[in-house]
Every structure is written in C-alpha cells, then in structure tokens.
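> Sharing a model that was predicted from the sequence below.
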Amino acid sequence: MPATESIAAGPTGRVVVVTGAARGIGRAIAERFVADGDRVATIYRGGDLPKGVEAYVADITDTAAVDAAFTAIEKDMGPVEVLVASAGVTKDQLLMRMSDEEFESVVDVNLTGTFRCVRRASKGMIRARKGRIVLIGSIVGLFGGAGQVNYASSKAALVGMARSISRELGSRGITANVVAPGYVETDMTSALSDDVRKFYLKNIPAGRFASPDEVASVVSFVASDAAGYVTGAVIPVDGGLGMGH
C-alpha cells in the first residue's frame, strides 16, 4: 500500500512513475506531472515527497522489490503509462583510486536499477500498445568528467538502452528517450567547490546553471502525446555546455 494519502484526483490523468522523486530533479519532475493533472507514484528509498505523489518504498537494486512496487502501483492506481527513471547516485573518485565497489555500486543504481524499472514498466505498456519511457541521463555521460568514470559510464549507457528500446518497442506505440541535464541547481551541485562552479559557469554559454523546473518542462514534453514521433533521442538541457556531444 502507498505510504501517502490517496490522490484526490481519482481516475483522471495518466499513471506516471518517477523514481527518485524525493529530491532534486526527480522531485521537480514529479511536481510537474502532478501539476499537469497526472496521477504520480514514486519508487524511492525514503524522504519527504511533494504533495500528490504516492510513495512506494523499494530499492531499485533489488529486482524482487522493484517487481513488488510496480505490482502494488498497478493494483492501487492502474497500468503505468509513463516511466521517468530519475534515481541516481554519485561516488566520485579519480580513476587510479576508484575501487570496484565505487564503480559497481554507481552502475547498479544508475544503469542496472534503471533497467529493472524499465523492464517491469514495459510489460503493461506492451499490453496497452502505448507508453513513454524517459531516462534521466547527464551531460557528463556525453561530455565526460574527471573523477567520474563510474557516473559517466552509467549515464552514457542509458543512450544505448533508450535506442535499443526504441527499436524493439517502437512499433507498439512506446517511445524511449534520454533527457540529459547539464549543471542544475540541486543539493548535488551545491556541494561543488567555488572553483569548479566558476569553471563551468565560464564554459556554459547560457552563463548559469539550470533550475530543476527547466529539466522537468522538457521531460513533460517528451512524455506527452505531442512527442509521439520522438524516440531514441538525447535531449540536452545544459545551457549549451555540451554542444557537439
């Protein structure tokens, strides 16, 4: 059963699952779908959630837990029509110092955890012959990042995942795209040193970091009926930082 109160909107709107909706970009995305009139659930490990988001606690590194969470969402809310895979972690470290655990744990959440959620959500989408899958990547996955071999690898791999899903399921009315944010004003980027912030601000043509709402707006479009012919795409929201990548 969900950990929050039932959504008052009733059976109207699509059933949308956003992983990692407790903070940062995932939170802003969940809030946007609620504002759009959708019924929103999250699979997450804990924390405060936006109003109107139903909570299903599960660790996305656990296949059985992911399956159980989706089963509960389908029972409580109905078939999942939109999945936004936003949950992610970082464990930055220089290559020569990075341990197997630091590499594998990041990949298990960001890549394999996303795969577990996509695989489970796709079952209902295939039956319905419609669906939207949006993977939250990163400009780092295309641009690279010193000390981020693990994170960049996990995010780069989402491009191959989305494009393979597009080729496999596109004829069934299912799209799969990657939204690749650049530097966004979140708790994660607030921890950057002043020197690092200045370096990136100098190299971002827009001259600023993005707000989470700007990423959420792009996700909302990609998940809409208007984007039905957009699939296998990588859509940067990076102020021009990664042009050409």
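Yep, it's here.
> going forward, measure contacts between C-alpha atoms and count neighbours the same way
OK.
> what sits up against the longest strand along the chain?
For the chain, the longest strand by residue count, based on DSSP state E, is strand 174-181. Strand 174-181 is contacted from outside by 125-126, 129-139, 158-159, 162-163, 165-166, 169, 215, 218-219, 222, 228-238, using C-alpha atoms under 8 Å, 6 or more residues apart in numbering.
> Would you list the buried entries among those?
Among those, those buried by neighbour count (16 or more other C-alpha atoms under 10 Å) are 125, 129-139, 158-159, 162-163, 165-166, 169, 215, 218-219, 222, 228, 231-238.
> mind listing what's buried in whichever helix or strand Val196 is part of?
Assigned by DSSP states H and E, Val196 belongs to helix 194-203. Of all the residues in helix 194-203, those buried under the rule 16+ other C-alpha under 10 Å are Arg197, Tyr200, Leu201.
> quick one: the second one from Asp213, how far?
With distances taken as C-alpha to C-alpha, to the nearest Å, Tyr200 is found 20 Å from Asp213.
> And for the last one?
Taking C-alpha to C-alpha as the measure, Leu201 and Asp213 are separated by 19 Å.
> for stretch 208-217, how far is the first residue from the last?
17 Å.
> typed the wrong thing, it's stretch 130-144
One end of stretch 130-144 to the other measures 34 Å (C-alpha to C-alpha).
> which ones are touching Gly78?
Contact partners of Gly78, counting by C-alpha under 8 Å, 6+ apart, are Val15.
> For it, give me the backbone phi and psi.
Dihedral pair for Gly78: phi 120, psi -180, per degrees, to the nearest 10.
> Then Thr42?
For Thr42, the backbone dihedrals are phi -130, psi 150 (criterion: degrees, to the nearest 10).
> wouldn't it be in contact with Val15 here?
No - counting by C-alpha atoms under 8 Å, Thr42 sits too far from Val15 to count as a contact (10.7 Å).
> the more surrounded of these two?
Using other C-alpha atoms under 10 Å as the criterion, Thr42 and Val15 rank with Thr42 on top: 30 against 21.
> Distance from the longest helix belonging to the chain to the middle of the chain?
What stands out as the longest helix in the chain, according to DSSP state H, is helix 149-169. Centroid separation between helix 149-169 and its chain, computed with C-alpha atoms, centre = their mean, to the nearest Å, is 12 Å.
> on contacts alone, who are the packing partners of it?
helix 100-107, helix 140-143, strand 174-181 (3 or more C-alpha pairs under 8 Å, 6 or more residues apart in numbering; DSSP states H and E).
> Among the contacts of strand 174-181, name the ones in strands.
Secondary structure defined by DSSP E assigns Gly131, Arg132, Ile133, Val134, Leu135, Ile136, Val234, Ile235, Pro236, Val237 of the contacts of strand 174-181 to strands.
> If we only consider those residues, which is nearest to Val106?
Nearest to Val106 out of the ones in strands among the contacts of strand 174-181 is Ile136 (C-alpha to C-alpha; 14.5 Å).
> quick one: low-confidence ranges for the chain?
1-12, 188 (pLDDT under 70).
> Fine by me, we can end here.
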